[in-house]
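Trainee: Got a predicted structure here, sequence first:
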Amino acid sequence: VAPIESVYFQTAFYDGDPDPTAGSPIEPSNLNRSGTRFNLNDREGFFSIHELAYKLNQGKTDQGLPGFYKAGGWHHSGQFQHNRLDNTGILLADTLNSSGVPHSINGNYGVYLVADQMIYREAGTDDQGIGLFWRGGGSPPDRNVFEFYSEGGCHCKGLIPDRDRDVFGVAAAYAQISRHLRDF
């Protein structure tokens, strides 16, 4: 949905486990003709993702430097295993007392932000110049491998004469492993 030219919202819903035969000798194509399913009522649940975006100075008459900003989130309604605790609340790493069966958690979710902004445009061009970008997101540490992710960088388009579409960039990324996994 795009209520105005510079803003849009999109959402999608998926089966939480589109291939229930993974790891078994059953072929997915034997489930039905398409080899797919869309079952929202089982243990695997459903997966949904939602995003709101703002496009800055991207209209035909806009004069400012273009940018792109997004905020989003996802949700999975299925069952997930705790990264650290068993089904009795004891540490999984306690091999003498733990049941060895991870605690079951209902649902999973995460959020993310994205920013991509041109900071310099070469005169007489629409998209040649220098831009900065950043992306980040987070999810619960008790059921995910990563609880936080961030990356950022700089990109230059049209840096070399007669190579107007080439892009050169430098970036760095950071992924924080779940504190529950680190403590395990």
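Mentor: Now that the structure is in, tell me what you want to look at.
Trainee: Does the residue nearest in space to the middle of the chain lie in a helix or a strand, and which?
Mentor: What sits nearest the mean C-alpha location of the chain, by Cα atoms, centre = their mean, is Tyr112, with 6.7 Å. Per DSSP states H and E, Tyr112 falls inside strand 102-121.
Trainee: Let's see the pLDDT reported for the residue nearest to the centre of the chain.
Mentor: Note on Tyr112: pLDDT of 98.
Trainee: I'd like the numbering to begin with 105 instead of 1 from here.
Mentor: Sounds good: first residue 105 from here, last item Tyr216.
Trainee: so where is the chain shaky, pLDDT-wise?
Mentor: Across the chain, the ranges flagged by pLDDT under 70 are 122-147.
Trainee: Would you map the strands across it?
Mentor: In the chain, strands defined by DSSP state E lie at 111-119, 150-160, 171-190, 206-225, 233-242, 250-261, 271-281, listed in chain order.
Trainee: who wins for proximity to Leu196 among the ones you listed?
Mentor: Closest approach to Leu196 among these is made by strand 171-190 (5.2 Å; Cβ to Cβ). For the C-beta atoms, the positions are set from N, CA and C on the backbone; glycine is no exception.
Trainee: list the buried ones in the closest one?
Mentor: Within strand 171-190, the residues that qualify as buried are 171-172, 174, 176-178, 180-184, 186-190, counting by 16 or more other Cβ atoms under 10 Å.
Trainee: What is that strand packed up against?
Mentor: Counting contacts by 3 or more Cβ pairs under 8 Å, 6 or more residues apart in numbering; DSSP states H and E, strand 171-190 is packed against strand 150-160, strand 206-225, helix 283-287.
Trainee: quick one: which of the ones you listed is nearest Asp270?
Mentor: strand 206-225 (16.1 Å).
Trainee: Pull out the buried positions in that closest one.
Mentor: Buried-residue list, strand 206-225, by 16+ other Cβ under 10 Å: Pro206, His207, Ile209, Asn212, Gly214, Tyr216, Val218, Ala219, Asp220, Met222, Arg225.
Trainee: just checking, the fourth one touches Asn248?
Mentor: Yes - assessed by Cβ atoms under 8 Å, Asn212 is found in contact with Asn248 at 6.9 Å.
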